[in-house]
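**Q** Structure for the following, please:
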Amino acid sequence: MNIASKMPAKAAPAFENLFSPFRIGKVALKNRIVFQPHFTALGHLDGMGSDDLAAYHERRARGGTGLIVIESQAVHPTGKMSRRFISAWDPAIIPFYRKLTAGVQAHGTRIFGQLTHGGHTSLEHPPHILWAPSQMPEPSSHFSTKAMDVEDIEATIAGFAASARNAMEGGFDGVEIKVAHDGLLRSFASPFFNHRTDGYGGSFENRMRFSIEVLEAIKRATANDFPVGVRICLDEFTTFGYGLDYGLRMAEHLERGGCVDYMNSDAGSFSSYWMEIPPAAVTAGSFRGLNAALKKQSRLPVVAFGRIAPPSLAEDILVAGEADLIGFARQLVADPDTPEKLRSGQAHLVRSCIACNDACIYQVGHEKGIRCVHNPAAGRERDVDDRAIAPAALRKKVVVVGGGPAGLKIAEIAARRGHEVTLVERSQTLGGQVTLAARQPEHAIIAAVTDHLEAMLHHLGVTVRTSVDATPELLAAEGPDHIVLATGSEPNLPRTADKASPALELGRQVLPSIPGLDLPFVYSSDEVMFGAVRLGGRVLVIDNNGHWEGAGTAEYLADQGCAVEIVTSDLMVGGDIESGTRTLFYRRAAIKGIVIRSGLALKAIEPGRVTVCPVFSGAGTQGFGRYLLVAGDEQTIEGFDAIVAIVGRRSREDLYHRCRASRLLAGVTIERVGDCVAPRLIESNIAEAYAMGLAI
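**A** Here you go, the predicted structure:
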């Protein structure tokens, strides 16, 4: 069933400007929404495009986007930041281009291609030889560079021209070059990276010469009315790089050259990665001033960028004249139908990007296909069509137990397939662990995951009953054909364990054997974040989680006035968090005085002290002993008023076993999903629930 067809028209905030037409040169756009370029890692290793990449962009066109600018494509063999970058200089790419552009344009959407040379930046380890204006590494990298010879510069310019010509022959409506957060052209323009004294360095004009010559070569290689834009880094956001004044000067110089048809705003660098793709800790709308400054000085169309949320902010920017077009990237990854929902008065059903970067940026940074934590179709559009879900052959009565992400998602999908769905939740509110995570500093936006799912259940008419403690008897009374248990998980601490639990009795679950975890001053993160306890004084957080449960809880306690210290057996706190997001956590931890000790394993807890030991030591080196990790000498940490032990979670699976054993539910299909199968992150739980919902 097409969910859009079920959406009744209703009053909604006006987006008159956002959905007004616009032109870039000869190219007519049906609205002001631009799908910003971003690496998807959906290309083939041989530099050719894939059916997955074409389907990914066609899906955003089907959702109503006005203009798509596809990801950076390399203009020269030395310019590939990943083997999955498209080889734009190679004429063999033209047949793929024609398929890609035709699929997008069939929906009335225009498509441009972004051209780049990766220069001193790469996602590969180790990379190939990196080209740069001067021999020096990007500060965030350990790999140095080759200072380009003039012949290298000429070859790169020729590559830009050939790539633009291929794009035009392949059906693109225009191209843009990248003088943005990564790549060669910005490094030549940047005083920090360019120390040359020849014709491509020294003066400002010489530093800009490379970009000017690239633009001139593209104009010569393409039709006079073929639009060429520039993605321009307005502020490098480092202590050593250039700021907004210099970025605006760059933009003005490029515009004055006469070869630019529009400007696409941008900021950040690999050394300030979190400003390239700002996570939740960077306030939505933070870059509005940069967009406005560029538009104020420029006569060209300007594309705004930078976590433009909520959608009403996009309209505000246009009304204020701060930009002509609105760039979205992750928002359209999370919900390709955002434009159509906004246009048709269904803004309340938009699946909002939560700026976690856990699936999109984290995935592609490892050269894996792009994903989204709460859109299972992202990057898998050929296999998963979230807009068209087939109705079930037989309508069933489905009862879902648990109102966390997994339970809400399976209730949504089952309802969209036409089943009669009832969801019961023992708490007064829905959300599960997301409710706790949203209370952590700089993390409130994660609640948008379950907020969206709640809105969908209301839209679909799902019966939701809260404050209901499900039992086999209660579930049997519902007369279900199918029961799905999504009862979640709980901290794996002895104090909260039901000793009569079948899971514990049967050895299906194991409590940690660390002495002292059952002492009264040892608390779980759930107790802290629920507000069941309010701690003060000096608090030690034991973090064996590696994600936000440990890091976020520690920061929450610091904000509550506690003196916080974190001990982890890992090499760092939050090692599984996307790197830019983790970097900002470490920055805040330093500001807030949170002490971090890594590489220390918890051995025992006693009143007034904790015993830990180094994970690595020089002990036990005889024979094969040198290949074993032998713990170091014990150390004690004293003087804490409370301990928050995050040592793992255990599934709440007892109801599942009781239901399977109940005669009252004989003949009823009983399944479980989410954390009550195995504690995991949101992405895995929602993807599992989505697939299970399609199978009911």
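**Q** which secondary structure element contains L100?
**A** Here L100, judged by DSSP states H and E, is contained in helix 94-105.
**Q** which other helices and strands contact that helix?
**A** Counting contacts by 3 or more Cβ pairs under 8 Å, 6 or more residues apart in numbering; DSSP states H and E, the secondary-structure elements packed against helix 94-105 are helix 51-62, strand 110-116, helix 150-169. C-beta: built from backbone N, CA, C; applies to glycine.
**Q** list the buried ones in the helix or strand of the chain with the lowest mean pLDDT?
**A** For the chain, the helix or strand with the lowest mean confidence is helix 502-505, at a mean of 81 (criterion: mean pLDDT, DSSP states H and E). By neighbour count with 16 or more other Cβ atoms under 10 Å, helix 502-505 contains the buried residues A503, L504.
**Q** The helix or strand following that helix - contacts with which helices or strands?
**A** Following the chain from helix 502-505 toward its C-terminal end, the next helix or strand by DSSP H and E is strand 522-523. The elements that strand 522-523 packs onto, with contact taken as 3+ Cβ pairs under 8 Å, 6+ apart, are strand 642-646.
**Q** what comes into contact with the strand it packs on?
**A** 491, 493, 517, 521-525, 528, 535, 537, 539-545, 549-550, 553-554, 557, 602, 605, 610 (Cβ atoms under 8 Å, 6 or more residues apart in numbering).
**Q** let's see 7 Å
**A** In this structure, residues lying in contact with strand 642-646 by Cβ atoms under 7 Å, 6 or more residues apart in numbering are 493, 517, 521-525, 528, 535, 539-545, 549-550, 553, 605, 610.
**Q** ok, it: who's next to it in the sheet?
**A** For strand 642-646, the pairing partners within the sheet under DSSP bridges are strand 522-523 (parallel), strand 538-543 (parallel).
**Q** how far does the helix or strand just after it sit from the chain's center?
**A** Of the helices and strands lying after strand 642-646 in sequence (DSSP H and E), the nearest is strand 649-651. Relative to its chain's centre, strand 649-651 lies at 26 Å (Cα atoms, centre = their mean, to the nearest Å).
**Q** Direction included, what does strand 649-651 pair against?
**A** The strands beside strand 649-651 in its sheet (DSSP bridges) come out as strand 489-491 (antiparallel).
**Q** Let me know whether L215 touches G258 as I believe.
**A** No: look at L215 against G258 with Cβ atoms under 7 Å: they stay out of range, at 8.8 Å.
**Q** Between the two, tell me which one has more neighbours.
**A** L215 (24 against 10; other Cβ atoms under 10 Å).
**Q** Run through the stretch 51-200 of the chain and note the low-pLDDT ranges.
**A** Nowhere does the stretch 51-200 of the chain drop to pLDDT under 70.
**Q** what stretches of this structure score poorly on pLDDT?
**A** In the chain (pLDDT under 70), the answer is 1-13.
**Q** Against which helices or strands is the least confident helix or strand of the chain packed?
**A** Contact partners of helix 502-505 among helices and strands, from 3 or more Cβ pairs under 7 Å, 6 or more residues apart in numbering; DSSP states H and E: helix 654-661.
**Q** Could you check how far the nearest residue to D324 once chain neighbours are set aside is from D383?
**A** Among residues not flanking D324 along the chain, P301 sits closest, at 4.4 Å (Cβ to Cβ, 6 or more residues apart in numbering). The gap separating P301 from D383 is 37 Å, by Cβ to Cβ, to the nearest Å.
**Q** more crowded one of the two?
**A** Taking P301 and D383 together and counting by other Cβ under 10 Å, P301 has the greater number of neighbours (21 against 10).
**Q** My understanding was that the more buried one contacts I24; is that so?
**A** Yes: taking Cβ under 7 Å as the contact criterion, P301 and I24 are neighbours in contact, 5.6 Å apart.
**Q** Which stretches in the stretch 451-600 of the chain count as strands?
**A** Across the stretch 451-600 of the chain, reading from the start of the chain, the strands by DSSP state E, counting those that start in this stretch fall at 463-465, 482-485, 489-491, 522-523, 538-543, 563-568, 595-597, 600-606.
**Q** Any chance of those strands in JSON lines with distance to G49 as columns?
**A** Output for those, formatted as JSON lines (distance: least, Cβ to Cβ, whole Å):
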{"stretch": "strand 463-465", "distance to G49": "44"}
{"stretch": "strand 482-485", "distance to G49": "39"}
{"stretch": "strand 489-491", "distance to G49": "41"}
{"stretch": "strand 522-523", "distance to G49": "52"}
{"stretch": "strand 538-543", "distance to G49": "42"}
{"stretch": "strand 563-568", "distance to G49": "42"}
{"stretch": "strand 595-597", "distance to G49": "43"}
{"stretch": "strand 600-606", "distance to G49": "47"}
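**Q** which one of the ones you listed lies closest to W274?
**A** Within the strands of the stretch 451-600 of the chain, the stretch nearest W274 is strand 595-597; the backing value is 18.6 Å (Cβ to Cβ).
**Q** buried residues in that closest one?
**A** When burial is assessed from 16+ other Cβ under 10 Å, strand 595-597 yields the following buried residues: I596.
**Q** Listing partners with orientation, what would you give for that strand?
**A** strand 563-568 (parallel).
**Q** can I get the CA coordinates of the strand it pairs with in CSV?
**A** The C-alpha atoms that make up strand 563-568 are tabulated as CSV, following Å, rounded to 0.1, in the frame of the first residue of the first chain:
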residue,chain,number,x,y,z
ALA,A,563,32.4,15.1,40.0
VAL,A,564,32.6,12.4,37.4
GLU,A,565,35.2,9.9,36.5
ILE,A,566,34.8,7.2,33.8
VAL,A,567,36.7,3.9,33.8
THR,A,568,36.6,1.7,30.7
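**Q** what's in contact with it?
**A** So strand 563-568 is in contact with 537-544, 550, 554, 557-558, 573, 594-598, 600, 602, 612, going by Cβ under 7 Å, 6+ apart.
**Q** Among these, name the buried ones.
**A** Buried members of the contacts of strand 563-568, counted by 16+ other Cβ under 10 Å: 539-544, 550, 554, 557-558, 573, 594, 596, 598, 600, 602, 612.
**Q** separation between A304 and A323?
**A** 4 Å.
**Q** Pick out whichever of those two has more residues nearby.
**A** Remark: of A304 and A323, A304 carries more neighbours, 29 against 25, as counted by other Cβ under 10 Å.
**Q** what sits opposite the more buried one in the beta ladder?
**A** Beta bridges link A304 to I326 when assigned by DSSP bridges.
**Q** quick one: it from D526, how far?
**A** Plainly put, A304 is 40 Å away from D526 if you go by Cβ to Cβ.
**Q** before we move on, what SS does the nearest residue to V449 once chain neighbours are set aside have?
**A** The spatial neighbour of V449 that comes closest, neighbours along the chain excluded (Cβ to Cβ, 6+ apart), is H374 at 4.9 Å. Following DSSP: H, G, I helix; E, B strand; the rest coil, we place H374 in the coil state.
**Q** Next, find the distance separating H374 from I670.
**A** Separation of H374 from I670 (Cβ to Cβ) stands at 26 Å.
**Q** One more: V647?
**A** When V647 is compared with I670 (using Cβ to Cβ), they lie 30 Å apart.
**Q** Spell out the residue ranges of the strands in the stretch 201-350 of the chain.
**A** Counting by DSSP E, counting those that start in this stretch, residue ranges of the strands within the stretch 201-350 of the chain are 228-233, 262-266, 302-304, 325-328.
**Q** Export the ones you listed as CSV, with columns for distance to G43.
**A** Formatted as CSV, the strands of the stretch 201-350 of the chain follow (distance: least, Cβ to Cβ, whole Å):
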stretch, distance to G43
strand 228-233, 19
strand 262-266, 21
strand 302-304, 24
strand 325-328, 22
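**Q** Looking at the ones you listed, which is nearest to Q428?
**A** Proximity to Q428, assessed across the strands of the stretch 201-350 of the chain by Cβ to Cβ, is greatest for strand 325-328 (35.1 Å).
**Q** Quick one: distance of the closest one to the chain centre.
**A** That offset, for strand 325-328, works out to 18 Å (Cα atoms, centre = their mean).
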